[in-house]
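Student: compute the structure for the input listed below.
(one chain, ligands or ions: 1)
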Amino acid sequence: MMRYMKTKSGKTLFPIGIGTWNIGGTFTADPGAKYKGAEPNYDNEAAETEAIRYSISKGQNHIDCAELYGAFHTDEVVGQAIAGLKREDLYIADKLWKTSVGDGLVRATVEQMLKKLGTDYLDMLYIHAPWDEVNWQEAIPQIDELIDEGIVRDFGVSNFTVADMEQTRKIAKHPIVANQMNYNVLYKDEVNQEFWDYCRENNIHIVAYQPVKRQEVLDSEVIQDIAKAHNATAAQVALAWLLTQGTLPIPKAINKQHIDENIAATAIELSAQDLELLADV
Ligand SMILES: NC(=O)c1ccc[n+]([C@@H]2O[C@H](COP(=O)([O-])OP(=O)(O)OC[C@H]3O[C@@H](n4cnc5c(N)ncnc54)[C@H](OP(=O)(O)O)[C@@H]3O)[C@@H](O)[C@H]2O)c1
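Tutor: Purely as a prediction, here's the structure:
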């Protein structure tokens with residue numbers, strides 16, 4: 001069953017988005033790096049650009065970026081992939097890293113994102129996490145201002161608990177449209193009942209990252225058995241489960257077979273019995 005989502009700016013989102021961690025970037029162990037844990041990787045650019053364009057040609061239109069990914073290089077790869085495409089058909093999300101939340105820094109960071117992406121607005125700007133070591137709250141009025149100016153359309157948070165969301169809603173002029181969370185059929189600890197209730201009450205969408213748990217779902221026998229019964233793959237069952245929950249999964253896939261599978265997962269209907277089994281994996 002296709003579950004398209006309509007945004008307040010009138011765009012229709014394909015039910016499964018495009019993750020970009022590890023596209024145009026990789027991990028780094030360099031302790032002096034500004035983006036600890038991430039650095040650009042220029043090796044696979046052609047294949048990565050091609051994979052994003054392929055995903056878009058098949059109907060996917062929600063692209064999830066972050067300044068952290070590839071230390072901004074991922075934005076550049078996405079920019080190359082979307083060059084010449086109709087901007088209004090795409091929903092582009094980006095995330096502020098902790099070095100960019102301080103007074104006066106958000107605008108400069110967003111300007112850099114726009115330049116690298118080759119666009120003049122972001123559909124979504126997330127605060128990447130509620131870090132303890134920085135005053136991420138400072139970013140909120142700055143994001144409000146960019147939304148007022150139309151440079152950013154939607155405001156999002158990521159890895160925020162209910163308490164973090166509550167605090168944010170007290171400061172922010174604009175609503176939290178989405179919270180991007182680590183959520184998949186094998187990991188349900190953070191997105192629990194209380195979390196769901198809060199998001200539903202406040203119209204906050206849950207965007208599910210690591211939706212196939214970086215391939216770990218492929219190893220589950222329960223998931224494999226359900227997949228066989230649907231003539232599907234374990235990854236497809238994991239995505240179908242997230243769709244059934246009402247979330248927006250954003251798998252990262254470079255391999256075209258993976259991209260095709262992920263798109264086809266929107267057609268899978270899990271039974272009540274499947275869901276019962278998947279509740280306990
Ligand atoms: N907000 C945050 O803090 C946060 C944290 C982590 C991730 N994210 C976002 O969420 C996105 C997804 O998370 P993730 O990339 O960490 O993990 P993921 O999407 O669960 O896993 C990606 C891995 O799964 C493979 N894959 C994708 N579809 C598959 C399929 N149908 N069958 C088998 N393997 C498949 C990919 O392979 P190929 O690439 O070879 O196709 C890749 O190796 C990220 O890319 C990023 O945009 C956000």
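
Student: look up the pLDDT of residue 26 for me, please.
Tutor: Residue 26 is assigned a pLDDT of 80 by the prediction.

Student: middle-most residue in this structure, spatially?
Tutor: residue 64 (4.5 Å; C-alpha atoms, centre = their mean).

Student: contact partners for it?
Tutor: Neighbour list for residue 64: 17-20, 93, 180, 207, 209, 250 [criterion: C-beta atoms under 8 Å, 6 or more residues apart in numbering]. C-betas here are computed from N, CA, C, even on glycine.

Student: list the residues that contact the residue nearest to it when sequence neighbours are not counted.
Tutor: Excluding its sequence neighbours, the residue lying closest to residue 64 (C-beta to C-beta, 6 or more residues apart in numbering) is residue 250, at 4.6 Å. Going by C-beta under 8 Å, 6+ apart, residue 250 touches 16-19, 62, 64, 180, 207-209, 211.

Student: would you reformat those as JSON lines and include distance to residue 100?
Tutor: Listed next are the contacts of residue 250 as JSON lines, based on distance: C-beta to C-beta, whole Å:
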{"residue": "16", "distance to residue 100": "28"}
{"residue": "17", "distance to residue 100": "22"}
{"residue": "18", "distance to residue 100": "23"}
{"residue": "19", "distance to residue 100": "21"}
{"residue": "62", "distance to residue 100": "22"}
{"residue": "64", "distance to residue 100": "17"}
{"residue": "180", "distance to residue 100": "17"}
{"residue": "207", "distance to residue 100": "20"}
{"residue": "208", "distance to residue 100": "24"}
{"residue": "209", "distance to residue 100": "19"}
{"residue": "211", "distance to residue 100": "26"}
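
Student: between those, which is closest to residue 133?
Tutor: Distance from residue 133 was checked for each of the contacts of residue 250 by C-beta to C-beta. The minimum falls on residue 180, at 20.3 Å.

Student: give me the number of residues near the residue lying closest to residue 125 once chain neighbours are set aside?
Tutor: Excluding the flanking residues, the one nearest residue 125 by C-beta to C-beta, 6+ apart is residue 152, at 4.5 Å. For residue 152, the count of nearby residues is 25 (other C-beta atoms under 10 Å).
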